[in-house]
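Novice: sequence below, structure please.
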Amino acid sequence: MQTARSILIWAVIALCGVVLITLPVNLQTQLIASTVVVTMMAIIKILKRQGTWRLVALAFGTAIVLRYVYWRTTNTLPPVNQLENFIPGLLLYLAEMYNVAMLMLSLFIVATPLPPRTTRASETTHFPRVDVFVPSYNEDTNLLANTLASAKAMDYPADRLKVWLLDDGGTAQKRNSTKVLESQAAIARHDELKQLCADLDVEYLTRERNEHAKAGNLNNGLQHSSGELIAVFDADHAPARDFLRETVGYFEDDPKLFLVQTPHFFINPDPLERNLRTFDSMPSENEMFYGIIQRGLDKWNAAFFCGSAAVLSRKALESQNGFSGISITEDCETALALHGAGWNSIYVDKPLIAGLQPATFASFIGQRSRWAQGMMQILRFRFPLFKRGLTLPQRLCYMSSTLFWLFPFPRVTFLFAPLFYLFFDLEIFTASGSEFLAYTLAYMLVNLMMQNYLYGSFRWPWISELYEYVQTVHLLPAVVSVMLNPRKPTFKVTAKDESIAVSRLSEISRPFFVIFAVQIVALAVTIYRVYAEPYKADVTLVVGGWNIINLILSGCALGVVSERGERASSRRVRVDRRSDFGIDGRWNSASIEDVSVHGARLNVFNKDLEQIKVGSEATIRFQSYSGAEMVTLSVVVRNMEQMGDITAIGCQYIPKGAADHRLIADLVFANSDQWTKFQQARRRNPGIIRGTIWFLSLSLYQTSRGLIYLFRGVGSERAQQRQDAKARS
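Specialist: This is a model prediction of the structure:
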């Protein structure tokens, strides 16, 4: 009886909604209604109302969006008999409907995400045996040493923890290769890493052949280990000491739990953050996913494995024959299979690892191409909507995660749609300027406000559009390729720990300058047509305004592909640890102010250190997190600065063995609280108006910087050509 009443109430509400959305009204009424809704949403936001009020605001916004969809569907499509208008018009319509569908899925997932779980590190009493897998392919030895040392130093009973380096760069296949250089490199790597593992007291494991990429490597680790739980860390993801204490306890609570996933936190900026200089002041792109979306997925038992920073149940993995490897995104595919088999997942929203992101724009695009192609493979081979065993919410969650990577298609459509009208006079959107104001502008404002409601301080206005645009240019052919041949993509390891010594344009930057030039021409055409065709000025101004928005994004992208020169790939992290600085047999009280994976900066409380020379070897002494004893680490002095009674000294580590790598890991990675504090310091919501003004100023500056890089590059190229010509003569 109760169920029937609920269905009846839902049906009545849905019917009322349909009536309101399809109700025929004049433009003035529509404009008034849109203004009222936008105003009410703004008031609720300004008053910072949450809970039911948040849902009310989102409901108002949804009504405007659906009203726009109805008008767009019934009034704006070109006639079918005008194919030159209808075909591009239909493509634009489909692109808009894709965006609306993704917005509706986002509302379902993150309208009321789960709050972050409270810490349970001190409550852990059950300690199952844990195998830690660190899969590797071609990473640097020092990078691996830091990760392995951090994993070994986790706060967990030593007899219940075993760390494994799964080396796919030293397989028998590579060591026995007929290519001499490849064989010698593999043999040298194999011997070097075996010795490193022996020094760090971790297990070294390789295999006969490089089959099924990372999934095959992890499955090989499963076959040679026996722990109840499997913790997985990428080669550049070093865990904090409390990682296992914050995660393993959940498996005792739920025998059907297969996954505890934690966020991926990065200590270096991605290429956009580095080139735009936003890393220290604006939330990173991945924080929207790990800070909001994963918590929304967690509400529906759909948080999925992200390839690293996670703990998985061996029992669950073995029930599905290990890690899945049909796609090149084995992590999400594995989670999909286990969710479909009735297993559960949990997301712990606390950064417990610190990793590295790609430093160059080309490596960034390579990484995203792999993600996009892998998700398209899952969509093609595992189609989540019809996946047996999933609940309806889980189906919708996985569809959202996979369909997201189709964004290059609507993004390129929005990029070129205004050009169809400005250059070729095609009418692919049949509406007057006043209709645009009443419907489309209201829809755009409401869309921005709803995104701000959903993601707030985790994603600033226009940043998502910028990230999508800079990826679209190169992801579009990658996505088309996997659609035509879904088995073609192969797993490629993303380059990490890179550095850019000299400022330069990215090697894949040319398309962005071409697009920018075309849009400048379109701007000139807009101005010409406003004066030459005044009877169509309202439509021309609307389309020209659309092109200007694209131009602002394109201009900002020129700064993204203008690589800033930096020597180090890792940023320094602020810390505050008491220490001693020792040189020439004397110890001086000091504090460690910031650290990186390569060095540290100390404030030494002694103003009489002028005699120290740059390049001198010294020692720092501090108390490790793992115990009460004081430990010492050898360093070399790189720079000095006198500040009153304090001498600031920049040092570079001189790791002489496994013990030193443990100390570096303790300095940089052991304390997870520092990652949380850093994230919280960047999380603020500038609002739509201030955020838009900020983005506009950012775009103007980055446009000029990109053009300067271009002219410098052209000048250098011509100078080099003249030198080559002189040399030949």
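
Novice: touching, residue 665 and residue 144? I think so.
Specialist: No: contact criterion Cβ atoms under 8 Å: residue 665 and residue 144 do not qualify, at 11.5 Å. Every C-beta, even on glycine, is put in place using the N, C-alpha and C of the backbone.

Novice: which one of the two has more residues nearby?
Specialist: residue 665 (27 against 23; other Cβ atoms under 10 Å).

Novice: what strand or helix carries that one?
Specialist: Taking DSSP states H and E as the definition, residue 665 sits inside helix 658-668.

Novice: and that helix, what does it pack onto?
Specialist: Counting contacts by 3 or more Cβ pairs under 8 Å, 6 or more residues apart in numbering; DSSP states H and E, helix 658-668 packs against helix 141-152, helix 180-200, strand 573-583, strand 586-595, strand 630-643.

Novice: again, only this time at 6 Å
Specialist: Helices and strands touching helix 658-668, by 3 or more Cβ pairs under 6 Å, 6 or more residues apart in numbering; DSSP states H and E, are helix 141-152.

Novice: strands paired with the helix or strand just after the helix it packs on, and their directions?
Specialist: Per DSSP H and E, helix 141-152 leads on to strand 161-167 as the next helix or strand towards the C-terminus. Partners of strand 161-167 in the sheet, by DSSP bridges, are strand 130-136 (parallel), strand 203-205 (parallel).

Novice: residues in contact with residue 218?
Specialist: Each residue near residue 218 by Cβ atoms under 6 Å, 6 or more residues apart in numbering is listed here: 133, 323.

Novice: report pLDDT for it.
Specialist: Looking at residue 218, its pLDDT stands at 96.

Novice: now the helix or strand containing it - C-alpha only, PDB.
Specialist: Residue 218 belongs to helix 213-224 when assigned by DSSP H and E. Only the C-alpha atoms of helix 213-224 are listed here, as PDB (Å, rounded to 0.1, in the frame of the first residue of the first chain):
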ATOM      1  CA  ALA A 213      50.600  -5.100 -19.400                       C
ATOM      2  CA  LYS A 214      50.000  -3.900 -15.800                       C
ATOM      3  CA  ALA A 215      47.100  -6.300 -15.200                       C
ATOM      4  CA  GLY A 216      49.400  -9.200 -16.100                       C
ATOM      5  CA  ASN A 217      52.100  -7.900 -13.900                       C
ATOM      6  CA  LEU A 218      49.700  -7.600 -10.900                       C
ATOM      7  CA  ASN A 219      48.300 -11.100 -11.600                       C
ATOM      8  CA  ASN A 220      51.800 -12.500 -11.500                       C
ATOM      9  CA  GLY A 221      52.200 -10.900  -8.100                       C
ATOM     10  CA  LEU A 222      49.000 -12.600  -7.000                       C
ATOM     11  CA  GLN A 223      50.300 -16.000  -8.000                       C
ATOM     12  CA  HIS A 224      53.500 -15.600  -5.900                       C
END
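
Novice: residues of it that come out buried?
Specialist: For helix 213-224, burial by neighbour count (16 or more other Cβ atoms under 10 Å) applies to 213-222.

Novice: from residue 597, how far out is residue 356?
Specialist: To residue 597, residue 356 is 9 Å away according to Cβ to Cβ, to the nearest Å.

Novice: returning to that earlier point: and the next helix or strand past the helix holding residue 665?
Specialist: Past helix 658-668, the next helix or strand by DSSP H and E is helix 673-682.

Novice: what sits closest to residue 660 if chain neighbours are left out?
Specialist: residue 633 (6.1 Å; Cβ to Cβ, 6 or more residues apart in numbering).

Novice: same check on residue 587?
Specialist: Residue 587 sits nearest to residue 580 (Cβ to Cβ, 6+ apart), 4.6 Å away.

Novice: and the helices in the stretch 301-450 of the chain?
Specialist: 314-319, 330-340, 361-382, 392-403, 408-424, 433-435, 441-455 (DSSP state H, counting those that start in this stretch).

Novice: pLDDT score for residue 556?
Specialist: For residue 556, the predicted pLDDT is 96.

Novice: now whichever strand or helix holds residue 30 against helix 441-455, angle please.
Specialist: Assigned by DSSP H and E, residue 30 belongs to helix 27-46. Angle of helix 27-46 versus helix 441-455, following axes from the mean of the first three to the mean of the last three Cα atoms, to 10 degrees, is 20 degrees.

Novice: which stretch of helix or strand covers residue 712?
Specialist: helix 687-728.

Novice: please work out how many residues are found near the nearest residue to residue 556 once chain neighbours are set aside.
Specialist: For residue 556, ignoring the flanking residues on the chain, the nearest one in space by Cβ to Cβ, 6+ apart is residue 699 at 3.9 Å. The tally of other residues near residue 699 (other Cβ under 10 Å) stands at 22.

Novice: look at the nearest residue to residue 415 once chain neighbours are set aside and tell me its secondary structure.
Specialist: Once flanking residues are discounted, residue 415 sits nearest to residue 550: 5.6 Å by Cβ to Cβ, 6+ apart. Judged by DSSP: H, G, I helix; E, B strand; the rest coil, the three-state class of residue 550 is helix.

Novice: what's the distance between the residue nearest to residue 660 and residue 572?
Specialist: Counting by Cβ to Cβ, the gap from residue 633 to residue 572 is 16 Å.

Novice: more neighbours: which of those two?
Specialist: residue 633 (23 against 18).

Novice: state the pLDDT value of that one.
Specialist: Value for residue 633, per-residue pLDDT: 90.

Novice: with residue 225 instead?
Specialist: 94.

Novice: the one 10 residues further on now?
Specialist: Per-residue confidence (pLDDT) for residue 235: 93.

Novice: for it, grab phi and psi.
Specialist: Backbone dihedrals for residue 235, given as degrees, to the nearest 10, come out at phi -60, psi -20.

Novice: and residue 328, by the same measure?
Specialist: phi -90, psi 0.

Novice: am I right that it is in contact with residue 375?
Specialist: No: in this structure, residue 328 is not within contact of residue 375 by Cβ atoms under 6 Å, at 9.6 Å.

Novice: and the buried residues of helix 213-224 as CSV, adding distance to residue 46?
Specialist: Below are the buried residues of helix 213-224 laid out as CSV (distance: Cβ to Cβ, whole Å):
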residue, distance to residue 46
213, 50
214, 47
215, 49
216, 54
217, 52
218, 49
219, 53
220, 56
221, 53
222, 53
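
Novice: picking up where we left off before, how about the helix holding residue 30: buried residues?
Specialist: 30-31, 33-34, 37-38, 41-42, 44-45.

Novice: sorry, back to before: ok, of the helices of the stretch 301-450 of the chain, where does mean pLDDT dip lowest?
Specialist: helix 433-435 (a mean of 80).

Novice: how far off centre is that helix?
Specialist: 38 Å (Cα atoms, centre = their mean, to the nearest Å).

Novice: got a list of contacts for that helix?
Specialist: 27, 538, 542.

Novice: thinking again about what came up before, between the helix holding residue 218 and helix 330-340, how many degrees?
Specialist: Going by the same axes, to 10 degrees, helix 213-224 makes 60 degrees with helix 330-340.

Novice: mean confidence for the next helix or strand along the chain from helix 213-224?
Specialist: Going down the chain from helix 213-224, the next helix or strand is strand 229-232, by DSSP H and E. Here strand 229-232 scores 97 as its mean pLDDT.

Novice: any idea how far strand 229-232 is from the chain center?
Specialist: On Cα atoms, centre = their mean, the centre of strand 229-232 falls 22 Å from that of its chain.
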